[in-house]
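Trainee: with the sequence up front, the predicted model follows.
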There are 2 protein chains.
Amino acid sequence: MAHRQGQRRRPSIHDVASYAGVSAATVSKVMAGVTTVKPENAQRVFDAVGLLGYRVDPLASDMRRAKRRIIGAIMPEFESEFFGQMITQLEGLAEQRGYTLVAASSRESEVREKEILERMHDWRVAGVVLAPVRNEHGPAAGFMKANGMTGVLIDRVLSDDAFDTVSADSEAASAEVARELIGKGHRHILVVGLGEQAATMHARLDGFRGTALALASDVRIDVVLAESDVEPLRSQLRDYFDQGEGGSGGKRPTAVYSLFLKGTLVALSEFRRRGWHCPNDISLVGFDDAEWMQVTWPAIAAVVQPVRQIAGHAMDALFARIEGGEGPPRARLEPCQVLMRESVGSPGNGPHSGGGHRQ
Amino acid sequence: MAHRQGQRRRPSIHDVASYAGVSAATVSKVMAGVTTVKPENAQRVFDAVGLLGYRVDPLASDMRRAKRRIIGAIMPEFESEFFGQMITQLEGLAEQRGYTLVAASSRESEVREKEILERMHDWRVAGVVLAPVRNEHGPAAGFMKANGMTGVLIDRVLSDDAFDTVSADSEAASAEVARELIGKGHRHILVVGLGEQAATMHARLDGFRGTALALASDVRIDVVLAESDVEPLRSQLRDYFDQGEGGSGGKRPTAVYSLFLKGTLVALSEFRRRGWHCPNDISLVGFDDAEWMQVTWPAIAAVVQPVRQIAGHAMDALFARIEGGEGPPRARLEPCQVLMRESVGSPGNGPHSGGGHRQ
DNA sequence: CCAAACGAGTAAATCGATTTTTCGTGATTG
DNA sequence: CAATCACGAAAAATCGATTTACTCGTTTGG
């Protein structure tokens, strides 16, 4: 019930000091666990602390240090499971080390990304975990470099000459997907991606293409890359399939590999529109897993990114730097898991009707 | 390129003052936009600020005020679209008013919820937006009351005697769902919920039951409530359907209404297990919408919560209190939108096979 | 014409800790 | 027995702003 605290001012270190009959400096030492305090005095401080309900003000405490015990985290968005889990992990890890995490969403905008970073610099955060909108060469990373901020880049990055990076091993995962699809007999595959995130998308595409061609030199791989936004992808995809249907380009692919979550959504929605079912009419695998993918019918095959590992290693690397760790920046790649679910089958196994347009 | 700043200490207000040839107090006034400064001096300050790249240190600036320009936000989780969008909104709104948002996840634990709140109190946040794990009567709200913190409760709350509350109008939305299902001819409906979140679940259940019974007095409404965790719900649901299948209890329901997102996932997964398809074998509506629900086949009907409105009104209410607004706490209910998608049909329209167990 | 009012600015106090410096006391040592 | 050391604690400086109190001219008003 807290003896009716109400609105009363919180006790400061001086209140504790005068109550315990010692100086503020001594209280500070006791709170910090310094041993050069007479046990008797320490006890009086502890008593006063308990009685007054004193707690150190982290803001005042941080005033004097150049690096405050605050970690900034900038993610492109919070709406997807991936970044939601990432923030949850990062928050827990920061807290474990006595730091406060301040999270912000760049909302897929590089301009906002830099603004946020400026504000975090104003706060003199000890470090930043940045998941850049585009890649490691954006203005945000530049700002961090120019201002001597310490940070780690994650997710949509490969490696950097100034910062440690941690991301999923896109290439290996894509190679695994290629093995699966080729193994099931697919020889005409569409890959869907987002051009903006150059580095990561390339790694995913190359990993896929390289392995697919190595296993089956006759495989045909089409690529549909939307520049920056997702909405254009929808129409690009529609055009692509329309072409395959009626026209010149030959038959349509037997499988689609989407290099990012939204692409998987768009692909599914396009399948719906055309009345195609997975895996009979077409197979589908997506990079990035989500909870719903295992309850739909069919369940959607997906690449699961190791969120915990990425978050853990990012924080380890970050704190190593905060504590003065030297050495060249390290680029870490964490292995993914590929979950082959019902949305992937062998081509020609089902009706493969050619798709009576729904509607 | 920022003339090679490197690691150099950031300029303080005194650096600006001495460079501009005025006192720190004057610089402070200029930065705050006070008009009682000679234009000439103001200009010199601006020049110095520009040249040195000075920015106010928000931490130092907040030191003297009792309420710092920080808003705390505590959500049960970040992994779902709903809370992800909520955090994004709240962050934007806080930023608009020059505040920094510190977000934390209680991970569905009331213990953690209170710990986070204690830490936020240490930071002397100006206000807190709390989405409680359970309801408005938990220990967290109690802590806020006992310590005279200002805050707003959202989502899993109805009303409170100490804090403003903002949440979706669960009752009205559920009534709407009832109208739809009854209108389509359903007379045996299963409602799935989570007992832990008492208040909200009751509102949703009552809103549904009340309207359903008013429209069709012969309707049968079964309820499966998991106590606190989602996993038990899975087996409870399985038992429920097993019973309906073979045994005494009569036929199985023609529609399921899930009162929360995870319940919708569990229901879908149970349908999968039994080989039931929506809407032919059974209809499904869920509280809480998600992006994937419109790309699956069938698309899943859902109640869409007005995230932006909730966030907006929560912040409005919060800042009104921060600025000293008086008056009794206000309980706001925001109207939802019900999206009837393909997962809802009329009973007896399809095979309603009785379900050849998949396997 | 002298006093009250006002305009513009500065010095100093303040916020709540941490850290460095100084100080006093008792114990050790030459 | 005086000089040195060690120890524990207090005093003071510091972090970077804001705010209060006060000073010095210049107006304005009675």
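Mentor: Here it is on my side, so go on. Small disclaimer: the values here were computed from a predicted structure and weren't measured. Numbers count the residues shown, from 1 in each chain, chains lettered A, B, ... in the order given.

Trainee: in which helix or strand does the residue positioned nearest the centre of chain A reside?
Mentor: Nearest to the mean C-alpha position of chain A, by C-alpha atoms, centre = their mean, lies A:Phe83 at 4.7 Å. Element membership of A:Phe83, judged by DSSP states H and E, is helix A:81-96.

Trainee: mind listing residues that contact that helix?
Mentor: The contact list for helix A:81-96, computed with C-beta atoms under 8 Å, 6 or more residues apart in numbering or on different chains, reads A:71, A:73, A:75-78, A:100-101, A:103, A:129, A:131, A:154-155, A:261, A:288-291, A:305, A:307-308, A:310-312, A:314-315, B:77-80, B:83-84, B:103-105, B:107. To be clear about C-beta, it is placed using only N, CA and C from the backbone, and glycine gets the same treatment.

Trainee: for it, buried residues please.
Mentor: Within helix A:81-96, the residues that qualify as buried are A:81-95, counting by 16 or more other C-beta atoms under 10 Å in any protein chain shown.

Trainee: show me what the helix or strand that it is followed by is packed up against.
Mentor: Downstream of helix A:81-96, the next assigned helix or strand under DSSP H and E is strand A:100-105. Applying 3 or more C-beta pairs under 8 Å, 6 or more residues apart in numbering or on different chains; DSSP states H and E, we find strand A:100-105 packed against strand A:68-75, helix A:81-96, helix A:110-122, helix B:81-96, strand B:100-105.

Trainee: the second one versus helix B:110-122: what angle between them?
Mentor: Just to be clear, that refers to helix A:81-96. With axes from the mean of the first three to the mean of the last three C-alpha atoms, to 10 degrees applied, the angle from helix A:81-96 to helix B:110-122 works out at 60 degrees.

Trainee: all the helices of the stretch 101-250 of chain A, in order from the start?
Mentor: A:110-122, A:139-146, A:170-183, A:198-215, A:231-246 (DSSP state H, counting those that start in this stretch).

Trainee: in CSV, list the C-alpha atoms belonging to the second one.
Mentor: Read it as helix A:139-146. Written as CSV, here are the backbone C-alpha positions of helix A:139-146 (Å, rounded to 0.1, in the frame of the first residue of the first chain):
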residue,chain,number,x,y,z
PRO,A,139,22.8,8.3,-44.9
ALA,A,140,22.1,6.9,-41.4
ALA,A,141,25.2,4.8,-41.3
GLY,A,142,27.1,7.8,-42.7
PHE,A,143,25.8,10.0,-39.9
MET,A,144,26.8,7.5,-37.3
LYS,A,145,30.3,7.3,-38.8
ALA,A,146,30.7,11.1,-39.1
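
Trainee: okay, the angle between that helix and helix A:110-122?
Mentor: 30 degrees.

Trainee: could you pull out the buried residues of helix A:139-146?
Mentor: The neighbour-count check on helix A:139-146 (16+ other C-beta under 10 Å) flags A:140-145 as buried.

Trainee: nearest to DNA strand C among those?
Mentor: Nearest to DNA strand C among those, counting by C-beta to the nearest atom of the strand, is A:Met144 at 25.0 Å.

Trainee: find the nearest non-adjacent residue to that closest one, please.
Mentor: Using C-beta to C-beta, 6 or more residues apart in numbering or on different chains and skipping residues adjacent in sequence, the residue nearest A:Met144 is A:Gly151, 5.2 Å away.

Trainee: what's the helix or strand of chain A with the lowest mean pLDDT packed up against?
Mentor: Ranked by mean pLDDT, DSSP states H and E, the weakest helix or strand in chain A is helix A:231-246, scoring a mean of 85. Counting by 3+ C-beta pairs under 8 Å, 6+ apart, the packing neighbours recorded for helix A:231-246 are strand A:188-194, strand A:220-226, helix A:261-274.

Trainee: could you rerun that using 6 Å?
Mentor: In this structure, helix A:231-246 packs against strand A:220-226, helix A:261-274, with contacts taken as 3 or more C-beta pairs under 6 Å, 6 or more residues apart in numbering or on different chains; DSSP states H and E.

Trainee: quick one: that helix to chain centroid distance?
Mentor: Relative to its chain's centre, helix A:231-246 lies at 29 Å (C-alpha atoms, centre = their mean, to the nearest Å).

Trainee: could you check the angle strand A:220-226 makes with it?
Mentor: Between helix A:231-246 and strand A:220-226, the angle comes out at 150 degrees (the same axes, to 10 degrees).
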